[in-house]
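1. sequence and predicted model, in that order:
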Amino acid sequence: MSRKTTLLNCPIDLVDSENAINQVDEAILEGKNFHIITINPEMIMNAQKNSEFLEIINSSELNIIDGIGIKIALKLRGIPCVNVRGVDFARKLTAYANEKKLPIAFMGAKEEVINKACDNFLKEYPDLNIVFKQNGYFKNDEEVILKIKEANPRILLVGLGSPRQEEFILKLKKALNASVMIGVGGSFDVYSGFVKEAPLIYRKLGLEWLYRTVCQPERFKRIFPTLPIFLIKCIIETIVKRIKN
Ligand code: UDP
């Protein structure tokens, strides 16, 4: 079991990637569906105004920490934790699928991006059993879900951006019965090489968001004012909790 806490009514699992992979391993052995969310401040803020999304965040099996914002908010509450980084964790899941010879599916991003990402994974893991791949620009969810059901993957990486990917996984959960599913946002853009990963120093300092914002200035409005408001709300929640206790 992982140690859980909550931020603004969203459960957060205080696990590192090793522990998360162990939980995936258990789910695979038990043959059950397992939804992993790589949770960040933007998602938590979205959940404050979107009750269906809040419900998805509360019904997933594992919410791992993705982003320095969550780490800071927990630190302010005196809770030490690691920032797992979704893009790294999904890579580890792929390595895990390769090692265990599990069928894997990749979906999301533009056609050339998903193709290049799959090629890159196959260069790294020539025996990787990719049973399904699909770009993220399709119209009919049900048609795609049916194809995924037929392909029967044990691991599924879904990169449609949030909350679309989590909503899609919710539908998939009803159709599949033994799959580990994770929303990976723009990770395929990174795996394909179309988007450069932040240099190690930025990643180590938790400043990847700064690098990505400088490279893609249109992301600025996604971070501001969301991130400061998120932190202020978390601080208020922490103070209220302390007063109540
Ligand atoms: N995307 C998609 N279908 C859509 C909209 C977006 O496949 O209808 C993909 C998009 O190509 C990109 C990813 O979803 O690869 C979203 O990336 P973003 O950087 O917004 O996600 P983040 O990493 O910030 O969660």
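-> Alright, I've got the coordinates. Residues are numbered from 1 along each chain as shown.
2. now do the helices in this structure.
-> Per DSSP state H, the chain carries helices over the ranges 17-30, 41-49, 51-59, 68-76, 86-100, 111-124, 141-151, 164-175, 187-192, 200-204, 208-215, 220-223, 226-244.
3. nearest to Asn135, of these?
-> Of all the helices of the chain, helix 111-124 sits nearest to Asn135, with 4.3 Å by Cβ to Cβ. No exception for glycine: its C-beta is placed from N, CA and C like everyone else's.
4. residue in this protein nearest to the ligand?
-> Gly136 (1.8 Å; Cβ to the nearest ligand atom).
5. how close does that residue get to Leu160?
-> Note on Gly136: its distance to Leu160, by Cβ to Cβ, to the nearest Å, is 5 Å.
6. same deal with Leu231?
-> Separation of Leu231 from Leu160 (Cβ to Cβ) stands at 27 Å.
7. so if I had to pick from the two, which one is more boxed in?
-> Higher neighbour count among Leu231 and Leu160: Leu160, with 22 against 15, using other Cβ atoms under 10 Å.
8. contacting residues for the spatially most central residue of the chain?
-> With distances taken as Cα atoms, centre = their mean, Thr38 lies nearest the centre of the chain, 3.1 Å away. Listed by Cβ atoms under 8 Å, 6 or more residues apart in numbering, the contact set of Thr38 reads Ile64, Ile65, Asp66, Val84, Arg85, Gly86, Phe89, Ala90, Ile182, Gly183, Val184, Gly185.
9. how about the helix or strand of the chain with the lowest mean pLDDT and the ligand, touching?
-> Lowest mean confidence among the helices and strands of the chain (mean pLDDT, DSSP states H and E): helix 220-223, at a mean of 84. No. Using Cβ under 6 Å from any ligand atom, helix 220-223 stays clear of the ligand, coming no nearer than 7.4 Å.
10. report all helices and strands that that helix contacts.
-> Identification of packing neighbours for helix 220-223 by 3 or more Cβ pairs under 8 Å, 6 or more residues apart in numbering; DSSP states H and E yields helix 208-215.
11. angle of the helix it packs on against helix 226-244?
-> Angle of helix 208-215 versus helix 226-244, following axes from the mean of the first three to the mean of the last three Cα atoms, to 10 degrees, is 160 degrees.
12. the ligand contacts on this protein?
-> Selection of the chain residues close to the ligand by Cβ under 6 Å from any ligand atom yields 108-110, 136-137, 159-162, 185-186, 188-189.
13. can you rerun that using 8 Å?
-> Residues of the chain found near the ligand (Cβ under 8 Å from any ligand atom) are 40, 42, 86-87, 107-110, 113, 135-137, 159-162, 164-165, 183-189, 212, 219, 222.
14. mind giving me the ChimeraX command for buried ones among those residues?
-> For the buried members of the residues of the chain next to the ligand, the matching ChimeraX selection, counting by 16 or more other Cβ atoms under 10 Å, is:
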select :40,42,86,87,107,108,109,113,135,136,159,160,162,165,183,184,185,186,187,188,189,212
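15. picking that back up, excluding residues flanking it in the chain, which one is nearest the residue nearest to the centre of the chain?
-> Nearest residue to Thr38 in three dimensions, chain neighbours excluded: Gly86, at 3.1 Å (Cβ to Cβ, 6 or more residues apart in numbering).
16. any regions of the chain where pLDDT drops low?
-> Counting by pLDDT under 70, the chain contains low-confidence ranges at 1-2.
17. let's see 80
-> Across the chain, the ranges flagged by pLDDT under 80 are 1-3.
18. the nearest residue to Cys234 once chain neighbours are set aside: how many residues sit nearby?
-> Distances taken as Cβ to Cβ, 6+ apart place Ala73 nearest to Cys234, at 4.0 Å, with adjacent residues excluded. By the measure other Cβ under 10 Å, the count of residues near Ala73 is 25.
19. then Ile57?
-> Residues within reach of Ile57, counting by other Cβ under 10 Å, total 23.
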